[in-house]
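A.B. asks: Sharing a sequence plus its predicted fold:
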Amino acid sequence: MIFEVQNRPAYAYTGGKPFDPSLPTVVFIHGAEHDHSVWGLQTRYFAHHGFSVLAVDLPGHHRSAGPALTSIADMADWLAALLDAAGVGRACVIGHSMGSLVALDFAARYPARPTHLALVATAVPMTVSETLLDAALNREPEAIAMVNQWSHSTLAAKPSSPAPGFWLHGMNQRLMERVAATGEPRLFHTDFTACNAYADGLTRAAQVRCPVLLVVGRHDNMTPPRAAQPLAQAFAQANVPNQTVMLDAGHALMTEQPDATLDALFAFASRSATASQSPRQ
């Protein structure tokens, strides 16, 4: 579905169902050099079980027009504008990796708008090594290969993947290559620089007022579980209800543990819904 956001076309996948702003809305935000498709299983299930879904392509990523935004705060403001364009006042907001920072910043600076906040594979600060930043700037294929290797803890697809034999590494690499090919030059570097420069995470965490879920991968080499602990502590100190779910996966939680990720997110989002929900089956 195409919206007009800040005078540019912006794409959001609606999970295979027409978007209905009268239903409880769940927003999904992807990470660096990714697009809406990383949420394939989760978005379709939500859309067919009582929710309206907006899985966004951030500006400059695949179907949303550029230029790519260069700061987490700008991405959060863009998200607020997209919800305005969709006619959505409040939503459950879910973000992965870079998208988790966008979700966090949005929830803190627009406190009346999120019903619940889920941060998947998150870290504060989300620092990026000089080696990876240099590769993203000057040798993007090398950066894609490095991130692809570090994002996975297994070669085997789990039961909810479309068929036996799906190659998680290959799927993720082709996705990043496609986003790189359709986006502006050095998009990976733009995304990583935004993550690396974001210094407001703990301050924003103290400003969040909605319940929070942290979903972390036990074997995550990109944002290891310990990197989410300062966030959990900040939420606790601010008396924000929060919980952490740890899954046996790497950074690519949605593909390595698709069912467990879905179960955690759906149970969490259902608490914010006003409509009756069907149990998973």
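C.D. replies: Yes, it's here.

A.B. asks: So which residues make contact with stretch 228-235?
C.D. replies: Stretch 228-235 has contacts (CB atoms under 8 Å, 6 or more residues apart in numbering) with 104, 119, 122-124, 201-202, 205-206, 208, 212, 214, 216, 242, 244. (Glycine included, C-beta is placed from N, CA and C.)

A.B. asks: So for residue 212, what pLDDT did the model give?
C.D. replies: At residue 212, the pLDDT value in this model is 97.

A.B. asks: Pretty sure residue 119 is one of the things it touches, is it not?
C.D. replies: Yes. Between residue 212 and residue 119 there is a contact under CB atoms under 8 Å: 6.9 Å.

A.B. asks: Neighbour count: the two, which is higher?
C.D. replies: Between residue 212 and residue 119, residue 119 has the larger neighbour count (other CB atoms under 10 Å), namely 31 against 27.

A.B. asks: Narrow the contacts of stretch 228-235 to those that are buried.
C.D. replies: By neighbour count, with 16 or more other CB atoms under 10 Å, the contacts of stretch 228-235 hold 104, 119, 122-124, 201-202, 205, 208, 212, 214, 216, 242, 244 as buried.

A.B. asks: The contacts of stretch 228-235: which two are farthest apart?
C.D. replies: Greatest spatial distance among the contacts of stretch 228-235 (CB to CB): 206 and 216, at 20.1 Å.

A.B. asks: what about residue 179, neighbour count?
C.D. replies: 23.

A.B. asks: Checking my notes, it in a helix, right?
C.D. replies: Yes. Counting by DSSP: H, G, I helix; E, B strand; the rest coil, residue 179 is found in a helix.

A.B. asks: roughly how far apart are it and residue 78?
C.D. replies: 17 Å (CB to CB, to the nearest Å).

A.B. asks: again, but for residue 71
C.D. replies: Taking CB to CB, one finds residue 71 at 10 Å from residue 78.

A.B. asks: Between these two, which is the more surrounded one?
C.D. replies: Legend: neighbour count by other CB under 10 Å for residue 71 and residue 78, higher for residue 78 (21 against 14).

A.B. asks: Spell out the secondary structure type for that one.
C.D. replies: Residue 78 is classified as helix under three-state DSSP.

A.B. asks: right, and it touches residue 6 too?
C.D. replies: Yes. Using CB under 8 Å, residue 78 is in contact with residue 6, at 6.4 Å.

A.B. asks: Surely residue 193 is within a helix?
C.D. replies: Yes. According to three-state DSSP, residue 193 belongs to a helix.

A.B. asks: What count of nearby residues applies to it?
C.D. replies: Residues near residue 193, counting by other CB under 10 Å, number 18.
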